[in-house]
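> coordinates for the following, if possible.
(2 chains)
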Amino acid sequence: MGLEIWSEKYRPKKLDEIVGHKEIVSRLKGFVKEKGVPHMLFAGPAGTGKTTAALCIAHELYGDGWKASYLELNASDARGIDVIRNQVKDFARTRTIGNAPFKIILLDEADALTPEAQQALRRTMENYTNTTRFILSANYSSRIIDPIQSRCAVFRFSRLKAGEAKEMLEHISKTEGVRISTEGLDAIMHITEGDMRRSINLLQACAVHGKEVTDESVYAVAAQARPEDVKEMVMFAVERNFQDARKKLYDILVNQGISGEDVVKEIHRTIYGLTVEEAKKLRMIEALGDCEFRIDSGGDQMIQLEAYLAKLGVL
Amino acid sequence: MIGQSKAMDAFLYWYDSWQPGSQAALLHGGPGTGKTSLVHALARERSLDIIEINASDTRNAEAMQALLGGASRQQSIFRRGKIILVDEVDGLSGKEDRGGVGALIKILGESRFPVALTANDPYDEKLKTLRSHVAMIPFGKVHLNSMVARLRTICKIEGIECDDDALKHVARTSGGDFRAALTDMETLSIGRKKIEKGHADALGYREQEQNVFEAMRIIFKTRTLTTAVDAIERIDKDTEEMFWWLEQNITNEYGDPQEIAKAFEALAAADVMHSRVRKYQNWRFMKYMRDVMCGGVALAKRGAYEKFTRYAPPQRLIAYARTRARRNAMRSACEKLTPQVHASSRKIVRDVAPLLSVMVRNDPEFAAQLSNAGLTEDEITLFS
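Numbering: from 1, shown residues only, chains lettered A, B, ... in the order given. This is a model prediction of the structure:
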């Protein structure tokens, strides 16, 4: 018995069990029924069901022997496009078992590939199109080159509605015998912003921490910046005390090990409640947008956040 | 002035006989030979207003015209004499500056005040047209003996006792660049009242380290792009490391929030260039990172701080290196979990591992589960 992680334990096995995304699910069911799956691009934020949808298709097409006909690759873990090509080649070479006419390759985080690597991927997709179907998943479809997009059916996964996500969390809590308060549920949603994987993992961590899950225990467990720390840091910066703001940032990122992305999210929430003039809040948010975009496109989180804090002093 | 008597005579003769329509002067010679100082000394002695612009900062015709055009025609407020100094004209580089050289020549012809230009290498191809419009005044290397004499005087003024051999050593290694010699003296005098021969020898041994501090000093004190970029080009450290040196020292040098914000914004922009280098594995982009970080940090200030700044090595780089082993171990541990969690190791490190830690700390059962998932004991301790 391996790792028992609830986000895996409760991952839907059938397309019908997927929460939300009614339109997408009904089209995917059509593909499965016809046993005709096109190349697909699943675009959307983390934890909205892209990987789950791909796994469900594999389960429904291949039944118990799905593992032989389904390959999951990660563009951000693979060391270059050549590694991906070789893995695809090895996998696609063998005949399919059973009556499904093709195998499925899920290439996760496909937007981590450079445009050049994507060109190479495009050729690979064409070479093995008789025996395999590709499902690419990406946070942003705009980072996938046009020739690939035009060869794929594109599905956009939006964030789950709060109601849908909470229903799922309540269902899990009930099954696992965990008591969770309404405030606890809200706190989880507040922190994870509807990312289901993170929501369920957070719920599990809270449950291990204590039998009753409350908003307090959620915040205590959450591995993200405690709101007060971030707020203090932002206030230091606004008051032009850059040195202390910088020290705080260093503590949050290096000593507490919180990701830059989480710090950005927390800053964003913090800005609304600050006692500075409204127009300045807006400028702070605008600058934060640039900062997050840069971190997201591969910038160094420390430098980008430092520059942001320095900027707050002169906005 | 130290030495340079020929240059001084030529320059004074040029200034005294100058009238509208005369040629501008081009003072040329190696760095630290006194070109800019001579112009400043003249302005001080004759109570002239000095309009100083830096050619490397002013890269196109319009900017040149805007800055110089007005100044070259208007009378000084108190009807004092005026001299215009265009520093580092060889800093004009590349095609886009052709307009800049053209504008400069035009302004030289129309100016109602004498214009002095400086350059390290006047025989540069791009200054070809300029050369026929100026009087050339060459500056030689500063002579060893005159340099030693001047250094001795400065030590006396600063209250530092200095061994003659040490002074000679400093003068010799400067290669005729008095500014470099002064920097070395300044560095040697940190925390000392007496400089001995042995101290100066250390300059040679710690050459590389020395150079990093020197590069920091140049970048933080200069107002010109080329000088800042050159400072990094000349030392044997890679751009990425220098990036963190700059990051460490911005707040040591600059005090004004505007300047700090500008400098960090430059670093952030350079960091974006750096991410492109990594993403596309294209090292040609590296030069943009270098230019933006050196130039951006240098030009963030309104004017040079006339103080001695103690530059420190980058703490964060050291901290990063210390925690790097741990981060790598975490990543490879999480990579083992990818088949079960259906996510990349990067995502697991970021989203799942912190929560796994909470679980492992609260329930030993999870440690056993991680072991079943193929993690070694060492890897499991990363979570506890």
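> tell me the strands in the stretch 101-250 of chain B, going along the chain?
For the stretch 101-250 of chain B, the strands defined by DSSP state E, counting those that start in this stretch cover B:115-119, B:134-139, B:161-162, B:194-195.
> quick one: name whatever helix or strand follows the one helix or strand residue A:54 maps to.
Taking DSSP states H and E as the definition, residue A:54 sits inside helix A:50-62. Next along the chain after helix A:50-62, taking DSSP H and E as the criterion, comes helix A:66-69.
> for residue A:250, which three-state class applies?
Using DSSP: H, G, I helix; E, B strand; the rest coil, the structure places residue A:250 in helix.
> around chain A, which positions in the stretch 201-350 of chain B sit nearby?
B:247, B:251, B:257-258, B:260-261, B:263-265, B:267-268, B:271-272, B:274-276, B:278-281, B:316, B:319, B:323, B:335, B:337-347, B:350 (Cβ under 8 Å from any Cβ of the partner chain). Quick note: C-beta positions are derived from backbone N, CA and C, even for glycine.
> which residues of the stretch 1-150 of chain B fall in helices?
Per DSSP state H, counting those that start in this stretch, the stretch 1-150 of chain B carries helices over the ranges B:5-16, B:35-45, B:61-64, B:70-71, B:98-110, B:128-131, B:144-158.
> which outside residues touch the last one?
What that stands for is helix B:144-158. Residues outside helix B:144-158 that contact it (Cβ atoms under 8 Å, 6 or more residues apart in numbering or on different chains): B:2-3, B:161-162, B:164, B:167-168, B:170-172, B:174, B:176, B:178, B:181-182, B:185, B:189, B:195.
> pull out the buried members of those.
Burial by neighbour count, 16 or more other Cβ atoms under 10 Å in any protein chain shown: within the contacts of helix B:144-158 this picks out B:2-3, B:162, B:167-168, B:170-171, B:174, B:176, B:178, B:181-182, B:185, B:189, B:195.
> related to what we said a few turns ago, contacting chain A as well, which ones from the contacts of helix B:144-158?
Within the contacts of helix B:144-158, nothing lies near chain A by Cβ under 8 Å from any Cβ.
> which element is residue B:355 on?
Per DSSP H and E, residue B:355 falls inside helix B:353-362.
> buried set for stretch B:215-227?
Across stretch B:215-227, burial judged by 16+ other Cβ under 10 Å covers B:215-227.
> with just CA atoms, put that stretch into PDB.
Below are the C-alpha coordinates for stretch B:215-227, written out as PDB (Å, rounded to 0.1, in the frame of the first residue of the first chain):
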ATOM      1  CA  ALA B 215      33.600  46.800 -10.000                       C
ATOM      2  CA  MET B 216      31.000  47.500  -7.300                       C
ATOM      3  CA  ARG B 217      32.600  50.900  -6.600                       C
ATOM      4  CA  ILE B 218      32.600  51.800 -10.300                       C
ATOM      5  CA  ILE B 219      29.100  50.800 -11.000                       C
ATOM      6  CA  PHE B 220      27.700  52.500  -7.900                       C
ATOM      7  CA  LYS B 221      29.700  55.700  -8.500                       C
ATOM      8  CA  THR B 222      29.500  56.100 -12.300                       C
ATOM      9  CA  ARG B 223      26.700  57.700 -14.200                       C
ATOM     10  CA  THR B 224      27.500  56.200 -17.600                       C
ATOM     11  CA  LEU B 225      26.400  52.900 -19.100                       C
ATOM     12  CA  THR B 226      29.600  51.900 -20.800                       C
ATOM     13  CA  THR B 227      31.700  52.400 -17.700                       C
END
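> what does it contact?
Residues contacting stretch B:215-227 (Cβ under 8 Å, 6+ apart): B:54, B:56-57, B:87-88, B:91, B:93, B:183, B:228, B:230-232, B:234-235, B:242, B:245-246, B:249, B:253-254, B:291, B:294-295, B:297-299, B:301, B:303-305, B:309, B:311.
> thought residue B:242 was touching residue B:232?
Yes - assessed by Cβ atoms under 8 Å, residue B:242 is found in contact with residue B:232 at 5.3 Å.
> which bits of the stretch 101-250 of chain A sit near chain B?
Counting by Cβ under 8 Å from any Cβ, the stretch 101-250 of chain A sits next to chain B at A:108-109, A:114, A:116, A:195, A:197-198, A:201-202, A:204-205, A:208-209, A:221, A:223, A:240, A:242-243, A:246, A:250.
> only whichever of the residues you listed are buried, select them in ChimeraX.
Buried members of those, defined by 16+ other Cβ under 10 Å, are picked up in ChimeraX with:
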select /A:108,109,114,195,197,198,201,202,204,205,208,209,221,223,240,242,246,250
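> the closest residue to residue A:238 other than its chain neighbours: how many residues sit nearby?
Of all residues beyond its chain neighbours, the one nearest residue A:238 is residue A:312 (5.2 Å), with distances taken as Cβ to Cβ, 6 or more residues apart in numbering or on different chains. By other Cβ atoms under 10 Å in any protein chain shown, the residues close to residue A:312 number 27.
> how about residue B:156?
11.
> in terms of pLDDT, where does it sit?
Per-residue pLDDT puts residue B:156 at 87.
> helix/strand/coil for the residue most central in space within chain A?
Among the residues of chain A, the one closest to the centroid is residue A:46, at 1.8 Å (Cα atoms, centre = their mean). Following three-state DSSP, residue A:46 is assigned to coil.
> that one touches residue A:192, doesn't it?
No - Residue A:46 is beyond contact range of residue A:192, at 9.5 Å (criterion: Cβ under 8 Å).
> hey, what's in contact with both of the two?
Shared contacts of residue A:46 and residue A:192, counting by Cβ under 8 Å, 6+ apart, come down to residue A:198.
> how far does stretch B:224-238 stretch from start to finish?
Using Cα to Cα, to the nearest Å, one end of stretch B:224-238 lies 21 Å from the other.
> tell me which residues of it are tucked away?
Residues B:224, B:225, B:226, B:227, B:228, B:229, B:230, B:231, B:232, B:235 are the ones in stretch B:224-238 that count as buried (16+ other Cβ under 10 Å).
> would you pull up the residue in chain B closest to chain A?
residue B:354 (3.0 Å; Cβ to the nearest Cβ).
> what about that residue, neighbour count?
Close neighbours of residue B:354, defined as other Cβ under 10 Å, add up to 23.
> how close does it get to residue B:273?
Distance of residue B:354 to residue B:273, computed by Cβ to Cβ, to the nearest Å: 31 Å.
> name the helix or strand of chain B that has the lowest mean pLDDT.
When each helix and strand of chain B is scored by mean pLDDT, DSSP states H and E, helix B:197-205 comes last, with a mean of 62.
> hang on, the earlier thing: OK, contacts around the residue nearest to the centre of chain A?
Residue A:46 neighbours (Cβ under 8 Å, 6+ apart): A:139, A:195, A:197, A:198, B:347, B:351.
> in CSV: these, plus pLDDT, distance to residue B:141 and secondary structure.
Shown next, in CSV, are the contacts of residue A:46 (pLDDT from 0 to 100; distance: Cβ to Cβ, whole Å; DSSP: H, G, I helix; E, B strand; the rest coil):
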residue, pLDDT, distance to residue B:141, secondary structure
A:139, 88, 59, coil
A:195, 91, 66, coil
A:197, 92, 68, helix
A:198, 89, 66, helix
B:347, 82, 60, helix
B:351, 78, 62, helix
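> can I get the residues you listed in TSV with distance to residue B:28?
Formatted as TSV, these follow (distance: Cβ to Cβ, whole Å):
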residue	distance to residue B:28
A:139	56
A:195	63
A:197	66
A:198	64
B:347	59
B:351	61
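> out of those, flag the one nearest to residue B:14.
residue A:139 (65.5 Å; Cβ to Cβ).
> quick one: end-to-end distance for stretch B:299-315.
24 Å.
> can you map out the helices along the stretch 151-300 of chain A?
Under DSSP H, counting those that start in this stretch, the stretch 151-300 of chain A gives helices at A:162-176, A:182-192, A:196-209, A:215-221, A:227-238, A:242-250, A:260-272, A:278-296.
> distance between the shortest one and the chain's centre?
Going back to what we said before, that points to helix A:215-221. Here helix A:215-221 is found 22 Å from its chain centre; the criterion is Cα atoms, centre = their mean, to the nearest Å.
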